[in-house]
Structures are given as C-alpha cells and as structure tokens.
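Trainee: Mind looking at a prediction? Sequence and model below.
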Amino acid sequence: MAYITSRPELPASDREMKKAVWYNMWKTKRWPYGEVLPGDLVYWYDSSSGQILWKTYVERFERFRYQTKEGAARRIEQELGPVVHTERHFRGRPKKGYCLAFKIELVTKVRFPKPRGVGFSRLGWQRVDENIARKWLRAW
C-alpha cells in the first residue's frame, strides 16, 4: 500500500529523517491505524512548504492502545527509539487512546508540489490511489 502523510516541519537531512521515530496518537482508532505494514510506501508532505519532500518505506511499526501519553512514549522508546516529549506533535496528543508508531527506511528526497484542486485528509494521511498518483506524484 502507498500513503501520503503530513507533518508541519520535516527534517532537512536524510540522516535526521531516518533517525526519527514517527507516530500518530488518536483518541479513537483512526485510519490507517490497522492498515500500515512494513514495506508500505510513505510519501511525506511538508505542510509548511506545500510539497512532498520524502519518499520512504515503513521499516518497523508498533500499534497499540495506551492509557497515558507517558506510557505510550515508554513503549515507543522500548520498541523503536527515543520520542521527543517537548515536540509540539507529542504535547497536543490525547491523554489516552491509540498509537501507531514506526521507523522508516529512507528511499529518496523528492519535490512534488501539491496540485491545485487536490484535497488532503484532515487526519494527516492520504491513501495513494491512481488519481492521486497521476495528479500529484507524476512518475509514481
């Protein structure tokens, strides 16, 4: 499967991108909680620049229900690596809920500007279908 996920500020270097532990924390199970698997293709949309900047593959993942954010952070750190607790993304997450956390294998840096008329899910994830691939990713 292929997805586009959105973040407001993505790392500039491939080293930082690969080193990061990526996660979503939702109050209720949200799509694509049950779908993301190792080997899935993930494009990274930088909402501040309006472009897809990275093309990666999911290397490892954890998905689980959590009772506290601190408990979720501990589990992510045990399985995947450090979570930056002061980061805006972590601070704004629900106190309890569902977590999808993953590490990526870096493939390549890209620049695909978001075309006019192409919407993006408010949940921060978009499935790449034929329409999105043709309009946005050009040579998908």
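Mentor: Sure thing, it's come through.

Trainee: Which residue ranges of this protein form strands?
Mentor: 2-7, 22-26, 41-46, 51-66, 97-113, 125-127 (DSSP state E).

Trainee: got the ones you listed as JSON lines, with mean pLDDT and mean neighbour count columns?
Mentor: Quick note: C-beta positions are derived from backbone N, CA and C, even for glycine. Supplementary listing: the strands of the chain in JSON lines, determined by pLDDT from 0 to 100; neighbours: other C-beta atoms under 10 Å:
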{"stretch": "strand 2-7", "mean pLDDT": "92", "mean neighbour count": "19"}
{"stretch": "strand 22-26", "mean pLDDT": "93", "mean neighbour count": "20"}
{"stretch": "strand 41-46", "mean pLDDT": "94", "mean neighbour count": "20"}
{"stretch": "strand 51-66", "mean pLDDT": "96", "mean neighbour count": "17"}
{"stretch": "strand 97-113", "mean pLDDT": "93", "mean neighbour count": "17"}
{"stretch": "strand 125-127", "mean pLDDT": "91", "mean neighbour count": "18"}
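
Trainee: how about TSV for those, with distance to residue 35 added?
Mentor: Output for those, formatted as TSV (distance: least, C-beta to C-beta, whole Å):
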stretch	distance to residue 35
strand 2-7	8
strand 22-26	12
strand 41-46	12
strand 51-66	10
strand 97-113	9
strand 125-127	9
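
Trainee: I'd like to know which of the ones you listed lies nearest to residue 81.
Mentor: Set against residue 81 and scored by C-beta to C-beta, these come closest in strand 97-113, at 7.0 Å.

Trainee: Please identify the pairing partners of the closest one and their relative orientation?
Mentor: Sheet pairing for strand 97-113, assigned by DSSP bridges, gives strand 22-26 (antiparallel), strand 51-66 (antiparallel).
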